[in-house]
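# The amino acid sequence is not available; the structure is as follows:
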């Protein structure tokens, strides 16, 4: 109960500027949770689909792979389907690569969506906290000018303490936000790297199988 009372008094002492800070914090936490769940789900789906289609690709069962990936929601399924669709017409490896890269250009922005807002919120909440501190100090010094000299030191000390609470709260939110942003970016990069690796594996398999078919035809 003592901790709750201390926290409640801390928020009360921050003044009106604590409300926009709390709103920014709530938005940032919501985005962070949504992105974390989305990226975890995307990674799990990619691994599941790739484990399913890789043996079929190695055996040259392209029609079965195209059927399996046609309605897939996984990013890797969409990219493989792009490549297989392009294979319906003759072309070089570069043509297949370009088709799959087109799929990457559609998928990567979805993975990176909204993550940058967390870093933006970290910067904004810091500035809001600083603004609250400055406004609080201005009010404090204005109030001090109108009281008896004996009360000035005590009133000024209380005003400065209240004003600094805004910056303290902003930093307590901004620092974790920056760490969360870095974590989500690393998680996104890991998924994108996995997609790139799968794309290269697919192209190598297609090239090898085509070479084997050409040798067999001779």
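Here it is on my side, so go on. For clarity, every value in this text was computed on a predicted model and none was experimentally measured. Residues are numbered from 1 along each chain as shown.

# Pull out the buried positions in the helix or strand hosting residue 117.
According to DSSP states H and E, residue 117 maps onto helix 115-144. Buried residues in helix 115-144, counting neighbours by 16 or more other Cβ atoms under 10 Å, are found at 115, 117-119, 121-122, 124-126, 128-129, 131-133, 136-137, 140, 144. The way it works is simple: take the backbone N, C-alpha and C, and place the C-beta from them, glycine included.

# Just the angle for the helix or strand following it relative to helix 115-144, thanks.
If you walk from helix 115-144 toward the C-terminus, the next helix or strand you reach (DSSP H and E) is helix 149-217. Our comparison of helix 149-217 with helix 115-144, counting by axes from the mean of the first three to the mean of the last three Cα atoms, to 10 degrees, yields an angle of 170 degrees.

# that older thread, the helix holding residue 117 - what's its average pLDDT?
The average pLDDT for helix 115-144 rounds to 87.

# pLDDT weak spots in the chain?
When residues are selected by pLDDT under 70, those of the chain lie in 1, 3-4, 12-14, 88-91, 150, 210-218.

# before we move on, the earlier item: what is the helix holding residue 117 packed up against?
Judged by 3 or more Cβ pairs under 8 Å, 6 or more residues apart in numbering; DSSP states H and E, the packing partners of helix 115-144 are helix 18-58, helix 149-217.

# How about the contacts made by the residue nearest the centre of the chain?
In the chain, the centroid-proximal residue (Cα atoms, centre = their mean) is residue 115; its distance is 3.1 Å. Residues counted as contacts of residue 115 (Cβ atoms under 8 Å, 6 or more residues apart in numbering) are 31, 35, 181, 184-185, 188.

# between the residues you listed, which is nearest residue 53?
Nearest to residue 53 among those: residue 188, at 22.7 Å, using Cβ to Cβ.

# List the contacts of the closest one.
39, 111-112, 115.

# Derive a PyMOL selection command for the buried subset of those residues.
Only the buried entries of the contacts of residue 188 go into this PyMOL selection, using 16+ other Cβ under 10 Å:
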select buried, resi 39+111+112+115
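
# ok, which pair from the contacts of residue 188 is furthest apart?
39 and 112 (10.0 Å).

# Quick check: the gap between residue 86 and residue 171.
51 Å (Cβ to Cβ, to the nearest Å).

# give me the element residue 106 is part of.
helix 93-112.

# Hey, what's the angle from that helix to helix 149-217? Just curious.
Using the same axes, to 10 degrees, helix 93-112 lies at 150 degrees relative to helix 149-217.

# Can you name the residues in contact with helix 93-112?
Counting by Cβ under 8 Å, 6+ apart, 39, 42, 75, 78-83, 85-87, 188, 191-192, 195-196, 199, 202-203, 206-207 sit against helix 93-112.

# With that, I have no additional questions.
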